[in-house]
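*Asks:* here is the input, now give the coordinates:
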Amino acid sequence: MTVALSQKFIAECFGTFVLVFMGTGAAVIAGAHVGFLGIAFAFGLSVVAMAYAVGHISGCHLNPAITISLWSTGKISAKDTGAYIVAQILGAIIASALLYFIAQGNPDYSLAANGLGADGVEDGSPDHYSLISGLVAEIVFTALFLVVVHGSTSKNNANGKFAGLAIGLSLTLIHIVGIPITGVSVNPARSIGPAIFVGGEALSHLWVFIVGPIVGGLLGGGIWKLYDKN
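*Replies:* As a prediction, this is how the structure comes out:
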């Protein structure tokens, strides 16, 4: 089946919208009810759901770090890479805008006090981890995540039909460990969306959640290539 780039763009935009809306929505709207564990599963389950909803159209990247890592290993063209990244960021911004609109329907909600699920370090970190700790964590978590992405989608993997489940559960695992450190990004688009609306430290530290995941993604692709040459 030949899929047009416009179809891939829509799939990536929609899929990223769902990931950001449901993941950060769990933090902003349901966080007090479900806690960090519930938020972790919201992000992971969003990926699982979208993997089977749009994966056959675009591959279900939903994440510039994944797209760049796949480009670095020759799995996606430069043209598609650019389109995917634009679509992912657009989907994240739309998700954050809609979440902000809905959250304001609660009279107790305040953007300054309750945020919008933005990632952070130092005062913006849930447990006040330092900038360097947050940056290193994002690099390591993303590298681990991309090893799973590359490995589970490899043509040498006979269990490839379960890739969406493996990737979603690995993202859940990363969130279980990482939420207290930065809130967990491992995805520049996921961080860009909320930061645009929250501003302040979320915006000034946004580079951590762009540079960290991209470096980690490239590292993860490199690790995968060490043991899977195809």
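*Asks:* so residue 60 touches residue 164, yeah?
*Replies:* Yes. Contact status for residue 60 versus residue 164: in contact at 7.0 Å, counting by C-beta atoms under 8 Å. The way it works is simple: take the backbone N, C-alpha and C, and place the C-beta from them, glycine included.
*Asks:* comparing these two, which residue is more hemmed in?
*Replies:* Looking at residue 60 and residue 164 with other C-beta atoms under 10 Å, you find the greater number of neighbours at residue 60, namely 28 against 20.
*Asks:* which strand or helix spans the nearest residue to residue 7 once chain neighbours are set aside?
*Replies:* Excluding the flanking residues, the one nearest residue 7 by C-beta to C-beta, 6 or more residues apart in numbering is residue 57, at 5.7 Å. Under DSSP states H and E, the secondary-structure element containing residue 57 is helix 31-58.
*Asks:* who's in contact with residue 183?
*Replies:* When contacts are counted by C-beta atoms under 8 Å, 6 or more residues apart in numbering, residue 183 touches 27, 117-120, 124-126.
*Asks:* so which of those is the closest to residue 208?
*Replies:* Using C-beta to C-beta, the shortest approach to residue 208 within those belongs to residue 119, at 7.8 Å.
*Asks:* sorry, back to before: between the contacts of residue 183, which is closest to residue 80?
*Replies:* Using C-beta to C-beta as the measure, the one of these that approaches residue 80 most closely is residue 119, at 26.4 Å.
*Asks:* most surrounded residue in the contacts of residue 183?
*Replies:* The most crowded member of the contacts of residue 183, judged by other C-beta under 10 Å, is residue 119 (31 neighbours).
*Asks:* now do the SS call for it.
*Replies:* Look at residue 119: counting by DSSP: H, G, I helix; E, B strand; the rest coil, its state is coil.
*Asks:* and the helix holding residue 57, what does it pack against?
*Replies:* Packed against helix 31-58, as judged by 3 or more C-beta pairs under 8 Å, 6 or more residues apart in numbering; DSSP states H and E, are the following elements: helix 5-28, helix 163-182.
*Asks:* per-residue pLDDT of the closest residue to residue 26 other than its chain neighbours, please?
*Replies:* Taking C-beta to C-beta, 6+ apart, and ignoring the residues beside it in sequence, residue 26 has residue 42 as its nearest neighbour in space, at 3.4 Å. Residue 42 is assigned a pLDDT of 98 by the prediction.
*Asks:* count of neighbours near residue 42?
*Replies:* Using other C-beta under 10 Å, residue 42 has 22 other residues around it.
*Asks:* brilliant, that's me finished.
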